[in-house]
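coordinates only, sequence not included:
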């Protein structure tokens, strides 16, 4: 069958293409895409371009149109969301119980003509997760919420910890909310003062203090305890040295982010890092995990998905919406494509 799908090549150079989807195999499903959120990874791809024209979009929810003969856990007509990747179950990592380190399982990434910003997509059964009781727009948040869960698990926030969140995009805001749920004593949120909507949401999600980094650098901010126990960095790598300064002795810094070129490199005082007994931990949520938990968090309202989805748009407006998000991140949190 034919579908329309957005492709990217050069920086913010997009093309809506029409192409043919292959017939699904016995272990695959055909999904009508109902919603797909714009992720920071999509913005990075749009900023840097691709080696060749490639499809884009991975924060997906939709409806099963057809399923293969060996697909048993969902039915045609089921509402589903998609894990970006999964573990293989047979490698040494998986057999030793470290499936979180395995990325060899099935994925829809680059698998067929289309990805998330499209009308239809083909996906392997292993990444298909059914849900009920959520709008498709909010269900598209399940994947990034899984990333936020991975980040908070990685830094191991404990009851009574003081926590700093650097970067108030959707993942940072969800991680902030999760830190509150895990019993943080005080939560600081760092953002530039023009990010009004994100700051308002941070306060609603449980932030106790806002640090306006364009006015007061993290290095000079007067934290209650002289620093924080945990730092969640969802901003570019260049912010990591400042996070080291903000951490108190024994602090743990978790980082998730992607940058290419010179921006991927940082320098810091290794002696300070050593004598403060700091830890830097990388969070990279592949394979995708925690989907049932994330569905429950959104369905119960414990994480307010509706507060995060600030803009929706149709398939035809994807290119314009990407440019709008690039030019105005102050008023937007999560922009989601919604197909009728």
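All right, it came through fine. As the structure is a prediction and not an experimental result, all values here were calculated from the model.

the closest residue to residue 44 other than its chain neighbours in helix, strand or coil?
Once flanking residues are discounted, residue 44 sits nearest to residue 258: 5.4 Å by CB to CB, 6 or more residues apart in numbering. From N, CA and C alone the C-beta is placed, and that goes for glycine too. At residue 258 the chain is in coil, as set by DSSP: H, G, I helix; E, B strand; the rest coil.

count of neighbours near residue 258?
Around residue 258 there are 15 other residues, counting by other CB atoms under 10 Å.

who's in contact with it?
Counting by CB atoms under 8 Å, 6 or more residues apart in numbering, residue 258 touches 40, 41, 44.

residues in contact with the first one?
In this case it means residue 40. Applying CB under 8 Å, 6+ apart to residue 40 gives the contacts 169, 171, 257, 258.

closest one to residue 51 out of those, please.
Closest to residue 51 out of the contacts of residue 40 is residue 258 (16.4 Å), distances taken as CB to CB.

would you list the phi and psi of the closest one?
Residue 258 adopts backbone torsions of phi -130, psi 130, taken as degrees, to the nearest 10.

how much space between it and residue 136?
26 Å (CB to CB, to the nearest Å).

tell me how far the residue nearest to residue 44 lies from residue 47.
For residue 258, the distance to residue 47 - CB to CB - is 11 Å.

equivalent analysis for residue 282, please.
In terms of CB to CB, residue 282 sits 22 Å off from residue 47.

please say which of the two ends up with more neighbours.
Taking neighbours as other CB under 10 Å, residue 282 and residue 47 compare with residue 47 leading, 13 against 10.

wait, what's in contact with the more buried one?
Counted by CB under 8 Å, 6+ apart, residue 47 has contacts 11, 12, 326.

the same query, at a cut-off of 10 Å, please.
8, 11, 12, 260, 322, 326 (CB atoms under 10 Å, 6 or more residues apart in numbering).

what number of residues lie near the fourth one?
Here the number of neighbours of residue 260 (other CB under 10 Å) works out to 9.

need phi/psi at it.
Torsion angles, degrees, to the nearest 10, at residue 260: phi -120, psi 160.

is it true that it touches residue 48?
Yes: with contact defined as CB atoms under 10 Å, residue 260 counts as touching residue 48 (5.8 Å).

how much space between residue 290 and residue 243?
Distance, residue 290 to residue 243, using CB to CB: 24 Å.

off-centre distance for the lengthiest helix in the chain?
For the chain, the helix with the greatest residue count under DSSP state H is helix 142-155. How far helix 142-155 lies from its chain's middle: 8 Å, per CA atoms, centre = their mean, to the nearest Å.

could you do stretch 68-83 as well?
Centroid separation between stretch 68-83 and its chain, computed with CA atoms, centre = their mean, is 23 Å.
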